[in-house]
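In: this one's sequence-less:
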Ligand SMILES: [Zn+2]
């Protein structure tokens, strides 16, 4: 069974969900804006489909192109549902995060393998009765895509860390110092506001999901005040590296999926 039958001819098998700083659909050649209607309402604006080399890629700037949608107001279900309707099998998700660890400095990239969910007010399942589904989230990220991120980062000489834990907070406020210190004790490595429920909805839709998390600053625990100029300089460099890593990942992802993400619902239905 599946959430939804993919279309006979996939519009795009790979999708990029762009985060802070990565909004520009011109990233891809011949990009066309499209609208997809979903039972959950409207997606983030400016969903488009374009090309990188010969591969068709869907691009969805999570916050809209002008960053008008805050993390807690994003319609995550509509976004993932729409990508599934396009035939997307893999999602590369981009986001900016804070660091909870001294040895994860601003400017480095992280590819999370675990998350801790601290959101409060976000619908986080497609299954709300009728069928009762408990999808596994023991290993919520696609191992095949993460491996390609690691190889790409090595080739492009981007300092990157695998196997990190992403703490997703509700926002829009940042953490208190006490919260930030607590998340460190819990084993959190990076902190952001957009990973959840995007990640787990993709799992329910049997789409591979992996995150390129760009570290922009140390979270408040570090008591290292940074200037807006420093943050924006780090972000500018991050976005440049992220684009190169996105392109190399799109090129390197093989046609066949070797992971189990496409069978996430087998055994999950009661
Ligand atoms: Zn996968």
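Out: Yes, it's here. Please read these numbers as outputs of a predicted model, since none were measured by experiment.

In: show me what counts as buried in stretch 51-58.
Out: Going by neighbour count (16 or more other Cβ atoms under 10 Å), the buried part of stretch 51-58 is 52, 56-58. In short, each C-beta sits where N, CA and C put it, glycine included.

In: end-to-end on it?
Out: 8 Å (Cα to Cα, to the nearest Å).

In: can you pull the residues of the stretch 1-150 of the chain lying near the ion?
Out: 142, 144 (Cβ under 5 Å from the ion).

In: can you rerun that using 6 Å?
Out: Where the stretch 1-150 of the chain comes near the ion, counting by Cβ under 6 Å from the ion, the residues are 142, 144-145.

In: which of those are buried? Put it as a PyMOL command.
Out: The buried residues among these can be selected in PyMOL (16+ other Cβ under 10 Å) with this line:
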select buried, resi 142+144+145
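
In: and of the buried residues of stretch 51-58, the nearest to residue 64?
Out: Nearest to residue 64 among these is residue 58, at 15.6 Å by Cβ to Cβ.

In: okay if I get the residues of the stretch 1-150 of the chain next to the ion as JSON lines plus secondary structure?
Out: Below are those laid out as JSON lines (DSSP: H, G, I helix; E, B strand; the rest coil):
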{"residue": "142", "secondary structure": "coil"}
{"residue": "144", "secondary structure": "helix"}
{"residue": "145", "secondary structure": "helix"}
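
In: turn the residues of the stretch 1-150 of the chain next to the ion into JSON lines, columns for pLDDT.
Out: Output for those, formatted as JSON lines (pLDDT from 0 to 100):
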{"residue": "142", "pLDDT": "98"}
{"residue": "144", "pLDDT": "97"}
{"residue": "145", "pLDDT": "98"}
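
In: tell me the one among the residues of the stretch 1-150 of the chain next to the ion nearest to the ion.
Out: Nearest to the ion among those: residue 142, at 3.1 Å, using Cβ to the ion.

In: quick one: the closest one and residue 203 touch, right?
Out: No. Residue 142 is not in contact with residue 203 according to Cβ atoms under 8 Å; the separation is 9.2 Å.

In: confirm residue 234 sits in a helix?
Out: Yes. Applying three-state DSSP, one finds residue 234 inside a helix.

In: is it true that it touches residue 106?
Out: Yes. Between residue 234 and residue 106 there is a contact under Cβ under 8 Å: 4.7 Å.

In: among the buried residues of stretch 51-58, which are in strands?
Out: Per DSSP state E, strands hold the following members of the buried residues of stretch 51-58: 52, 56-58.

In: which neighbours do residue 142 and residue 203 have in common?
Out: Residues within reach of residue 142 and of residue 203 at once, by Cβ atoms under 8 Å, 6 or more residues apart in numbering, are 209, 261.

In: which stretches in the stretch 151-270 of the chain count as helices?
Out: For the stretch 151-270 of the chain, helices defined by DSSP state H, counting those that start in this stretch occupy the ranges 177-185, 198-204, 228-252.

In: for the last one, packing partners?
Out: Using 3 or more Cβ pairs under 8 Å, 6 or more residues apart in numbering; DSSP states H and E as the contact test, the elements touching helix 228-252 are strand 48-52, strand 55-61, strand 90-99, strand 109-118, helix 143-156, strand 208-218.

In: what separates stretch 247-267 from the chain centre, distance-wise?
Out: 15 Å (Cα atoms, centre = their mean, to the nearest Å).

In: which residues does the residue nearest in space to the middle of the chain bridge with?
Out: Closest to where the C-alpha atoms of the chain average out (Cα atoms, centre = their mean) is residue 93, at 2.7 Å. Taking DSSP bridges as the rule, residue 93 bridges to residue 17, residue 211.
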